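Chemist: Make a model of this:
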Amino acid sequence: MTFIPPNALGPVARAGAGVAQRPKVSFEFSPPKTPEAEASLWEAIRRLEPLNPEFVSVTYGAGGSTRERTHRTVVRMLKETRLKPAAHLTCVEASRAEVDEVVADYWAAGIRHIVALRGDPPGALGGVYQPRADGYLNATELTTGIRAIAPFEVSVSLYPQKHPESPSLDHDIDVLKAKIDAGATRAITQFFFDIDAFLRFMDKVRAAGITIPISPGVMPVSNYKGLVRMAAPCGIPVPAWLANLFDGLDKDPETRKLIAASVATEMCARLAEEGFSDFHFYTLNRADLVYAICRVLGVREDGPQPVTEAA
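Modeler: Residues are numbered from 1 along each chain as shown. Predicted coordinates:
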C-alpha cells in the first residue's frame, strides 16, 4: 500500500483528522415574512442550536423595514432557546430618537449584543444613501449612540475587498478604527471568495494595530444567479471558477448544494489552517449546508469526541 504523507491531503481531510482546535462559530438569520417562512426559520434554528454558537444574529431590513419582525425573532430566541441572540440595527430612515428607543427596548428585553450597521437605503441594494438630518450619520455614530445607552457588545461590518463607496482599503481600516474607538468589540466581514486577497487584507488590519476579534463571513450559496445578484451591489468579485462549477446546473439543485458545501468547507478549512478561529455563517435561514461545514471544522453537539488515528 502506497504511503501518502499527511501534507498531501487537502485542508478538509486534515480538518477531519480531528487535531485542530474547535473554532468559534456564529450564525445569521433573517426575520420571516410569512408563517411558512417562520416555520422554516425555526427548523433551521433548532437544527443549529445544539452546535452551541458564540451568538446568532437577526438582520434588519433596508430602511428598518423589518424592525418589528427582527425584535420579535430575537426576543423569541432569547426566551425559547439557549442561544445568545444579537439584533442588527441600522441608521436608515429613522431619527436618533427612534433608534435610541429601539436600543433601549432591546436592553429591557434582555438583548445584550447589537450588530451596528449603516444599512442599505430603501429599495434596491446599492442605492444612494442619504442620512437623515436628525438621524445617525453612519455606523460609527450609531455605535457611539448604542454604547451611550447601555454596555452592549457591538459588532460592526468589514469589507475585505473594499466597501463599494470607499476610496481604498486603507480608508476602510481607518473607519474600522473609528468604530472601535466608538465602542465596537467585534467585526464581521462581508462574504468573499478570494482567500489570498482576504489574507493580505487581514495582514494590513493587524499591522494597523487592530486586535478585536474578526470573523470571516461565509456564504454557502447553492443558487449561483442569486449569489451574483447579492454580490454585485456589494462590490464582491465572483470568480470565474465558481461560475464554471455551477454551469449547466440550473435544474439540478442537489448537485448545486453539494458544490456549495464543498466550496465553503474548503474555504473554512484553509482559513482555519491560516489561524482563523471565528467564522460567521450567512445561513439564508437554512441549516443543512452550514451544519455540514461545521461538522468538518469540528463543531459538533456535545457528545463523543472525533475518532483519531492511532499513533
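Chemist: Now residue 90: phi and psi?
Modeler: Taking degrees, to the nearest 10, you get phi -120, psi 170 for the backbone angles of residue 90.
Chemist: residues in contact with the helix or strand residue 70 falls within?
Modeler: Counting by DSSP states H and E, the element that carries residue 70 is helix 67-80. Under the contact criterion C-beta atoms under 8 Å, 6 or more residues apart in numbering, helix 67-80 has outside partners 29, 31-33, 41, 45, 56, 58-61, 83, 85-88, 102, 105-106, 109-111. Quick note: C-beta positions are derived from backbone N, CA and C, even for glycine.
Chemist: Now the buried members of those.
Modeler: 29, 31-32, 41, 45, 56, 58-61, 83, 85-88, 102, 106, 111 (16 or more other C-beta atoms under 10 Å).
Chemist: taking the residues you listed one by one, which sit in helices?
Modeler: Of these, the ones assigned to helices by DSSP state H are 41, 45, 102, 106.
Chemist: Could you export those residues as TSV, including distance to residue 205 and pLDDT?
Modeler: Output for those, formatted as TSV (distance: C-beta to C-beta, whole Å; pLDDT from 0 to 100):
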residue	distance to residue 205	pLDDT
41	33	96
45	32	97
102	30	93
106	29	95
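Chemist: From those, pick the one nearest residue 131.
Modeler: Residue 131 lies nearest to residue 102 out of those, by C-beta to C-beta, at 17.0 Å.
Chemist: My guess is that closest one contacts residue 89. True?
Modeler: Yes - contact criterion C-beta atoms under 8 Å: residue 102 and residue 89 qualify, at 6.4 Å.
Chemist: Give the buried residues for the helix holding residue 70.
Modeler: So, applying 16+ other C-beta under 10 Å, buried residues of helix 67-80: 67, 69, 70, 71, 73, 74, 75, 77, 78.
Chemist: Quick check: mean pLDDT of it?
Modeler: Throughout helix 67-80, pLDDT has a mean value of 91.
Chemist: Stretch 109-119 too?
Modeler: Rounded mean pLDDT across stretch 109-119 is 95.
Chemist: How about it, which residues are buried there?
Modeler: Neighbour count says stretch 109-119 has 111, 112, 113, 114, 115, 116, 117, 118, 119 buried, by 16+ other C-beta under 10 Å.
Chemist: What about the residues you listed, which are in strands?
Modeler: Among those, the ones falling in strands (DSSP state E) are 113, 114, 115, 116, 117.
Chemist: Which of those residues sits closest to residue 181?
Modeler: Distances from residue 181 to those, taken by C-beta to C-beta, are shortest for residue 116, at 13.4 Å.
Chemist: Who does that closest one form a beta bridge with?
Modeler: Beta bridges link residue 116 to residue 89, residue 156, judged by DSSP bridges.
Chemist: Show me what the biggest helix by length in the chain is packed against.
Modeler: Ordering each helix of the chain by length in residues (DSSP H) puts helix 253-273 first. Applying 3 or more C-beta pairs under 8 Å, 6 or more residues apart in numbering; DSSP states H and E, one finds that helix 253-273 makes contact with helix 11-16, helix 195-207, strand 214-218, helix 240-246, helix 288-297.
Chemist: show me the contacts for residue 175.
Modeler: For residue 175, counting by C-beta under 8 Å, 6+ apart, the contacting residues are 140, 163, 166.
Chemist: Report the buried members of those residues.
Modeler: Using 16+ other C-beta under 10 Å, the buried members of the contacts of residue 175 are 140, 163.
Chemist: Sitting in helices, which of the contacts of residue 175 do you find?
Modeler: residue 140.
Chemist: hang on, the earlier thing: so can I have TSV of the buried residues of helix 67-80 showing distance to residue 265?
Modeler: Shown next, in TSV, are those (distance: C-beta to C-beta, whole Å):
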residue	distance to residue 265
67	35
69	31
70	29
71	34
73	28
74	29
75	33
77	26
78	31
